[in-house]
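Asks: show me the folded form of this:
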Amino acid sequence: MSPRSRPLHPPYLHPRGSRRLADFALECVPEYFGEYYEPFLGGGAVAIALMERKPGTTFRLSSDHSELVITWQILQSDVGRLVQLVAQHRDRHDHVHRAAVVAQADPESAGGSAGSAGSPGSPGSAGSAGSLANLGALASLSPVERAARFVYLRGSAGRDTVAFDEANLRGVSRLLMNRDVTIRERHFYDIVAEVREEDLVFFDPPFAGAGSGTGSEFVRETRSLADTLTARGAYLLAPEPAAPEEGAPAVYAGWKTMAVAADRGDGDRLWANGTLDRVLRRAARRRDG
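Replies: All right, here's what the predicted structure looks like:
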């Protein structure tokens, strides 16, 4: 198989960004749907797979993570410069260089409060003059420099070499340029103003590490979003969330809105809201004759 014929993968390492998840999710995508929304954009594996399969679809991708959004926007607009800068980081990669890149926006390195451990480059809380100086250093970087920093840090965490696939990065960029794709920084609930009946929402909130016990504010807010979108007639497709806490019940198990759509029996499970579940059940009955 030639490099060009291989399916594209997420443009950087991401815990929920595998092509395996995307291929599984595609089995539960309805044949017909309106626009595609991904309000918790991470690795983008499902969006990328759908861009390859359904070129006429409109894609609305968003996140409240500034560096992630900037990276996707640069992928869409200036991949050549991005590749060049990531390659420079790769060629200089060692623990000293990586520490210097992290320190550009890591308040903990300057004696301030720690940022999010799960988000390389997340600025966290600037609680000191040193922290503010580091945040200022990050702000002084151009968008493409910030994007290169993001890709490099994701691809080098705990590694002696940098995970960086230039051909794949350029392939994802071509998709973003050749499809109807909008990438925005915004709170996930903002999609409520736009989503319409039969739009498809890939619903993958970052429950783990978000104070996500079953009574947490984040869970309540995301559950409210699921209920609102379901009432609007949208399709919601959600992978099984990572267990937020040791011994905690599955997040969606207590949501009347959600039902299991597919289960491989190996830990991979997909959930659908009632609207999508009915469509999938009708399609299954037609296939079974």
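Asks: contacts and neighbour counts: CA atoms only from here.
Replies: Fine.
Asks: from Arg53, how far out is Gly43?
Replies: Computed with Cα to Cα, to the nearest Å, the distance linking Gly43 and Arg53 is 18 Å.
Asks: mind listing what the residue nearest the centre of the chain touches?
Replies: Central residue of the chain (Cα atoms, centre = their mean): Gly42, 1.2 Å from the mean position. Residues counted as contacts of Gly42 (Cα atoms under 8 Å, 6 or more residues apart in numbering) are 14, 16-17, 63, 68.
Asks: that one in helix, strand or coil?
Replies: coil (DSSP: H, G, I helix; E, B strand; the rest coil).
Asks: ok so, going back, quick one: which of the contacts of Gly42 sit in helices?
Replies: Counting by DSSP state H, the part of these found in helices is Leu68.
Asks: looking at the contacts of Gly42, which gets the smallest pLDDT?
Replies: pLDDT is lowest at Gly17 among the contacts of Gly42; the value there is 69.
Asks: and the helices in the protein?
Replies: 19-26, 45-53, 66-77, 79-92, 95-102, 129-139, 143-156, 166-178, 217-231, 274-287.
Asks: do you know which of those lies nearest Leu200?
Replies: helix 274-287 (8.8 Å; Cα to Cα).
Asks: got the angle for the closest one vs helix 217-231?
Replies: Counting by axes from the mean of the first three to the mean of the last three Cα atoms, to 10 degrees, helix 274-287 lies at 50 degrees to helix 217-231.
Asks: so Glu38 touches Asp64, yeah?
Replies: No - look at Glu38 against Asp64 with Cα atoms under 8 Å: they stay out of range, at 11.8 Å.
Asks: looking at those two, which is more packed in?
Replies: Taking other Cα atoms under 10 Å, Glu38 and Asp64 do not tie; Glu38 has more neighbours (23 against 15).
Asks: return the distance of the more buried one relative to Ala226.
Replies: Noted for Glu38: a distance of 13 Å to Ala226, by Cα to Cα.
Asks: may I ask which helix or strand of this structure has the lowest mean pLDDT?
Replies: Sorting the helices and strands of the chain by mean pLDDT, DSSP states H and E puts helix 129-139 at the bottom, at a mean of 57.
Asks: low pLDDT regions in the stretch 101-250 of the chain?
Replies: Along the stretch 101-250 of the chain, the model assigns pLDDT under 70 to residues 105-137, 209-215, 242-249.
Asks: is Phe59 in a bridge, and if so with what?
Replies: Beta bridges link Phe59 to Tyr36, Val181, judged by DSSP bridges.
Asks: all numbers from here: first residue = 17
Replies: OK, 17 is where the count begins now, so the last one is Phe75.
Asks: what score does it have for pLDDT?
Replies: Phe75 is given a pLDDT of 98.
Asks: next, the contact list for it, please.
Replies: Each residue near Phe75 by Cα under 8 Å, 6+ apart is listed here: 51-53, 63, 195-198.
Asks: what's the most distant pair in those?
Replies: Checking the contacts of Phe75 with Cα to Cα, the most distant pair is Tyr53 and Arg195, at 14.0 Å.
Asks: these two: which is more packed in?
Replies: Tyr53 (23 against 16).
Asks: how far away is the more buried one from Glu214?
Replies: 11 Å.
Asks: please apply the same query to Asp243.
Replies: 15 Å.
Asks: looking at these two, which is more packed in?
Replies: The neighbour comparison of Asp243 against Glu214 (other Cα under 10 Å) goes to Glu214, with 21 against 18.
Asks: tally of neighbours for Arg302?
Replies: 9.
Asks: pLDDT score for it?
Replies: pLDDT at Arg302 comes out at 86.
Asks: hmm, back to that, dump the helices of the chain into a markdown table; add distance to Ala278 as well.
Replies: Putting the helices of the chain into a markdown table (distance: least, Cα to Cα, whole Å) gives the following:
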| stretch | distance to Ala278 |
| --- | --- |
| helix 35-42 | 9 |
| helix 61-69 | 16 |
| helix 82-93 | 29 |
| helix 95-108 | 36 |
| helix 111-118 | 40 |
| helix 145-155 | 43 |
| helix 159-172 | 30 |
| helix 182-194 | 28 |
| helix 233-247 | 19 |
| helix 290-303 | 10 |
